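Student: what follows is a predicted structure for the sequence shown.
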Amino acid sequence: MNVLLPTQASFFSSPHRNPIHTPVSPHTNLRMGSRKRKADDDGLDDKMSISPTNSPALAARQIPRPSKKVRANEITGRPLNLPRLLETLDAQSLRAVLQTICERHPEIGSEIVTSAPRPSVESTLGVLHKYQNELREAFPYGGSPGSDYAYDRVKQQLTNLIDALVDFTPHYLPPNEQQTATSLSFLDSATEIVHGLPNWDSQSHKHHKDNAYDEISRAWALVISEASKRGGGFQLHSGGWDQTLARHNDQSGGKMQMAVDALGTNLGWMGGSSGDPDSIRNQLLSGRYGANQSVPVGARW
């Protein structure tokens, strides 16, 4: 009896035979792909969970922490340095500061005196003329310029000018000043300032100008005497200082006779004279200068 048995697929199929493909459902493929992606994601999560500090490469290189940035143009208040501060001071303020420092530290004052340049005749006269202008501006408008009222108004300015004359004059006298021409140049201008001092109506106020003439006349006599010792008598005569002094004596009303006498005495060693017996030089040498002259009345201020 012929029995037909169904044909079954062998597990050990011949390689020469075509394999039998079992149809796969598309839902099966999606499920398998989903499981594969989930497995991959789980592996990635495991890698990310590992701390980076465990890596040798990262452990060798420390990441610097950001520090607080300091601004280069940080601005804050501060006092001026000394050079800039001195630039802002005018002459009067600077003198006040120096005066205060020198009073507190006398040794600094001595150093300034020895280190400062010698004042020129022009700079000193500039200071004296400043005081002179202040005196003129202090006079009241109207009324008599020689009255007691005017004197009371300008007494302080008058005292300032005379004190400055008294302080500055010795600086230009020997032995502090060795140049005769410098001494005479200052005395000539200083005498002009004395001529310009006010003429007061009251006798009690006239001592200011009289004392100033006496001081300046003594200064002239000292310079003339020292110049003659150094052979400067020729300079006194050739420079026309004998005539200059004679003019000052005339303008002062004879109050500078002491200086005139000193000039006549110290020029006598030169000998010789001009042919004119009435020349100023011959009158000075003979002591006759000013003997027969009337005393002029000084002009008012």
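Tutor: Arrived safely, thanks for sending.
Student: which helix or which strand is home to residue 222?
Tutor: For residue 222, the host element (DSSP states H and E) is helix 207-229.
Student: who are the packing partners of that helix?
Tutor: When contacts are defined as 3 or more Cβ pairs under 8 Å, 6 or more residues apart in numbering; DSSP states H and E, helix 207-229 sits against helix 148-168, helix 180-195, helix 233-238, helix 257-267. (C-beta placed from N, C-alpha, C; glycine too.)
Student: among these, where is the model least confident on average?
Tutor: Least confident of the helices and strands packed on helix 207-229, judged by mean pLDDT, is helix 233-238 with a mean of 69.
Student: and the following helix or strand past that one, which residues are buried?
Tutor: Moving toward the C-terminus from helix 233-238, the next helix or strand (DSSP H and E) is helix 241-251. Using 16 or more other Cβ atoms under 10 Å as the test for burial, helix 241-251 gives 241-242, 244-246, 248-251.
Student: what does stretch 167-183 give?
Tutor: Buried residues in stretch 167-183 (16+ other Cβ under 10 Å): 168-169, 172-174, 177, 180, 183.
Student: ok so, going back, quick check: which of the helices and strands packed on helix 207-229 is nearest to residue 98?
Tutor: Counting by Cβ to Cβ, residue 98 lies closest to helix 148-168 out of these; the figure is 16.7 Å.
Student: alpha carbons of that closest one, as PDB, please.
Tutor: C-alpha atoms of helix 148-168 as PDB (Å, rounded to 0.1, in the frame of the first residue of the first chain):
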ATOM      1  CA  ASP A 148      47.200 163.600  59.100                       C
ATOM      2  CA  TYR A 149      44.100 161.900  57.600                       C
ATOM      3  CA  ALA A 150      46.100 160.800  54.600                       C
ATOM      4  CA  TYR A 151      48.900 159.600  56.900                       C
ATOM      5  CA  ASP A 152      46.600 157.500  58.900                       C
ATOM      6  CA  ARG A 153      45.200 155.900  55.700                       C
ATOM      7  CA  VAL A 154      48.600 155.000  54.300                       C
ATOM      8  CA  LYS A 155      50.700 154.400  57.400                       C
ATOM      9  CA  GLN A 156      50.800 150.600  57.000                       C
ATOM     10  CA  GLN A 157      51.800 150.800  53.300                       C
ATOM     11  CA  LEU A 158      54.400 153.400  54.100                       C
ATOM     12  CA  THR A 159      55.900 151.200  56.800                       C
ATOM     13  CA  ASN A 160      56.000 148.200  54.500                       C
ATOM     14  CA  LEU A 161      57.900 150.200  51.900                       C
ATOM     15  CA  ILE A 162      60.500 151.600  54.300                       C
ATOM     16  CA  ASP A 163      61.000 148.200  56.000                       C
ATOM     17  CA  ALA A 164      61.600 146.600  52.600                       C
ATOM     18  CA  LEU A 165      64.200 149.300  51.800                       C
ATOM     19  CA  VAL A 166      65.900 148.700  55.200                       C
ATOM     20  CA  ASP A 167      66.000 145.000  54.700                       C
ATOM     21  CA  PHE A 168      67.200 144.900  51.000                       C
END
